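> structure for the following, please:
(chains A and B)
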Amino acid sequence: MADLISYMPLLMRGMVTTILLAILGLALATVFGGLGAAGKLSGGRIAKRVVWLYTSIVRGIPDIVMLLLLYFGGQRLINDIGGMLGWDYVELSKFLSGVLTIGFIYGAYLTETFRGAYLTIPRGQVEAAQALGLRPFTTLIKVSIPQLVRFALPGYANVWQVLVKSTAVVSIIGLQDLVGLANDAGKTVRQPFVFFSFVLLAYLCITFVSTTLFDWLERRTALKTHES
Amino acid sequence: MNPDLVLQNWQLFASGVWMTLQLTFLSLLIGFLIALPFGIMRARRVKYISPLINGYVYLFRGTPLLVQLYLIYYGFSQFEAVRESILWPILREAWWCALITFALNSGAYATEIIRGAISTTPKGETEAATALGMSPFQVTSLVLVPSALRRALPQYGNEVVFMLHGSAVASIITIQDILGAGRTLNAKFYVAYEGFITAALLYMAITFCLVGIFRQLEKRFLKHLDLKR
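I've put the predicted structure just below:
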């Protein structure tokens, strides 16, 4: 136990890395998800095919395989191209690879979330906006997106919970996140059980805090009805 | 990309596929056997037992599978008592640790799925069974559970794919599953793409087969709910 306390500053740094990885991953996934949903809803035939391919590939491959493919394969690819162009050796950052992988994977899930939420918006709302003379862009910003947030929030929260757990695998490419650091420290002081138990608790804390936060957000964005 | 390299080492991948399927399905089977009684008890809100099951479900669903695996594989060896117990020959083996972790993990997810399906069963179904003179045990085993399991099918299909993908972390503790085969190939021939791309394609192929199988099962077992088409 004393060892755990003396390693606490290090573990806390790992936790910050994990949380940053998750938040940046979610931000990137939101961008991918938004583009994917836009492509699926209003894109041409080619855009629809591309989005279909994207979501099918992501759903078929485990996150860890995607990560290794992107980190090792991507590194080789960049340097093969770079070699032809005469660049120096480029090393892909572990953190960046993690963010890219997580963003890419969960963007596919958010594509479905956003698309579903958009389709829940009653058609009459957009028609009403048009009838009032709002331009398509204004309609999107003022009418569709605010409601999209409301409808997409439960699905978005679910994706976040799965995404947070997914950050653990990034430790296998050597990222010094919570899991990676706890693994090293636990082996050094020969108390892996204590350190991994701490990691489990830390993840439970993240889950608990984010559930509370998303519940609050859902209540805030909920439609005010007579019952509430 | 050199496909010949993969073809020459097809046996490596064949045994990897076998290992992945074996781990995935054994875990799912044991997980299901855990989840059925747990799910029923959780839906029934059995005193003292339900909160314990809740804790188990919350712990395994709220934390990463990789950390659970580390805790069981590396963690338990910390204790002298474990190393000297009769369980040590099992807990020493990577394969058993993976199976135990995956089964407990799958059990937690499946418990939640079964609980959900049971608690959304229309009250009329069980009331009708009781009115026909069935005992509580008969109501549960002949009406409630079969009806709930059918409706749990789509979600359970997701859990099966989730377990297949989750099982890839076994390669980290030296198990030669599909990803393990890919990593071995890459390390042996010092290549970056071949092993991982082959592994990715194999996982995709298995995923699509499973999705297809579950679609057929749903068509068969959920026909009575498919009123629209």
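
> didn't B:Val82 look like it was pressed against B:Trp88?
Yes: if you go by C-beta atoms under 8 Å, B:Val82 and B:Trp88 touch, sitting 6.4 Å apart. The C-beta positions use only the backbone N, C-alpha and C, and glycine is treated the same way.

> chain B contacts on chain A?
Neighbours of chain B within chain A, by C-beta under 8 Å from any C-beta of the partner chain: A:57, A:59-66, A:68-69, A:72-73, A:75-77, A:165-169, A:171-172, A:179, A:183, A:186-187, A:190-194, A:196-197, A:199-200, A:203-204, A:207-208.

> close to chain A, is the helix or strand containing B:Lys219?
Here B:Lys219 sits within helix B:194-221, counting by DSSP states H and E. Yes: using C-beta under 8 Å from any C-beta, helix B:194-221 reaches chain A at B:Phe196, B:Ile197, B:Ala199, B:Ala200, B:Tyr203, B:Met204, B:Ala205, B:Thr207, B:Phe208.

> A:Thr207 touches B:Gly62, doesn't it?
Yes: look at A:Thr207 against B:Gly62 with C-beta under 8 Å: they come within range, at 4.4 Å.

> closest one of the residues of helix B:194-221 next to chain A to chain A?
B:Met204 (3.4 Å; C-beta to the nearest C-beta).

> neighbours around that closest one, how many?
17 (other C-beta atoms under 10 Å in any protein chain shown).

> just the one 5 residues further on next, same as before
B:Cys209 has 10 neighbours, counted by other C-beta under 10 Å.

> chain center to the helix or strand where A:Asp184 lies: distance?
Using DSSP H and E, A:Asp184 sits within helix A:178-188. Its chain's C-alpha centre and that of helix A:178-188 lie 24 Å apart, by C-alpha atoms, centre = their mean, to the nearest Å.

> show me what secondary structure element comes after that helix.
Counting by DSSP H and E, the element after helix A:178-188 in chain order, helix or strand, is helix A:192-221.

> how about the helices in chain B?
With DSSP state H as the criterion, chain B has helices at B:3-8, B:10-44, B:49-62, B:65-70, B:80-84, B:88-91, B:94-119, B:123-131, B:136-138, B:145-166, B:178-189, B:194-221.

> ranking the ones you listed by burial, who's on top?
helix B:65-70 (a mean of 26; mean count of other C-beta atoms under 10 Å in any protein chain shown).

> indicate which one of the helices of chain B is closest to A:Ile145.
helix B:145-166 (28.8 Å; C-beta to C-beta).

> relative to helix B:123-131, how tilted is that closest one?
130 degrees (axes from the mean of the first three to the mean of the last three C-alpha atoms, to 10 degrees).

> restricting to C-alpha, output helix B:145-166 in CSV.
The C-alpha coordinates for helix B:145-166 follow below in CSV (Å, rounded to 0.1, in the frame of the first residue of the first chain):
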residue,chain,number,x,y,z
VAL,B,145,-37.0,-17.5,-19.9
PRO,B,146,-37.8,-18.7,-23.4
SER,B,147,-39.7,-15.5,-24.2
ALA,B,148,-36.9,-13.3,-22.8
LEU,B,149,-34.1,-15.2,-24.5
ARG,B,150,-35.7,-14.7,-27.9
ARG,B,151,-36.0,-11.0,-27.4
ALA,B,152,-32.5,-10.8,-26.1
LEU,B,153,-31.2,-12.3,-29.3
PRO,B,154,-30.2,-9.1,-31.2
GLN,B,155,-28.3,-7.7,-28.2
TYR,B,156,-26.7,-11.0,-27.6
GLY,B,157,-25.5,-11.0,-31.2
ASN,B,158,-23.7,-7.8,-30.4
GLU,B,159,-22.1,-9.4,-27.3
VAL,B,160,-20.8,-12.3,-29.4
VAL,B,161,-19.1,-9.9,-31.8
PHE,B,162,-17.8,-7.9,-28.9
MET,B,163,-16.3,-11.0,-27.3
LEU,B,164,-14.7,-12.1,-30.6
HIS,B,165,-13.0,-8.7,-30.9
GLY,B,166,-12.2,-8.6,-27.2
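
> so which elements touch it?
If you count contacts as 3 or more C-beta pairs under 8 Å, 6 or more residues apart in numbering or on different chains; DSSP states H and E, helix B:145-166 packs onto helix B:10-44, helix B:94-119, helix B:194-221.

> pLDDT of the first one, averaged?
The average of the pLDDT scores along helix B:10-44 is 95.

> again, but for the shortest one
Summarised as a single mean, pLDDT over helix B:94-119 is 95.

> how far does it sit from the chain's center?
With C-alpha atoms, centre = their mean, you get 6 Å for helix B:94-119.

> show me the contacts for B:Arg183.
By C-beta atoms under 8 Å, 6 or more residues apart in numbering or on different chains, the contact set of B:Arg183 is A:Leu68, B:Ser171, B:Gly195, B:Phe196.

> next one: it from B:Gly55, what distance?
Note on B:Arg183: its distance to B:Gly55, by C-beta to C-beta, to the nearest Å, is 35 Å.

> show me the contacts for B:Val211.
Residues in contact with B:Val211 (C-beta under 8 Å, 6+ apart) are B:Gly157, B:Val161.

> noted, bye for now.
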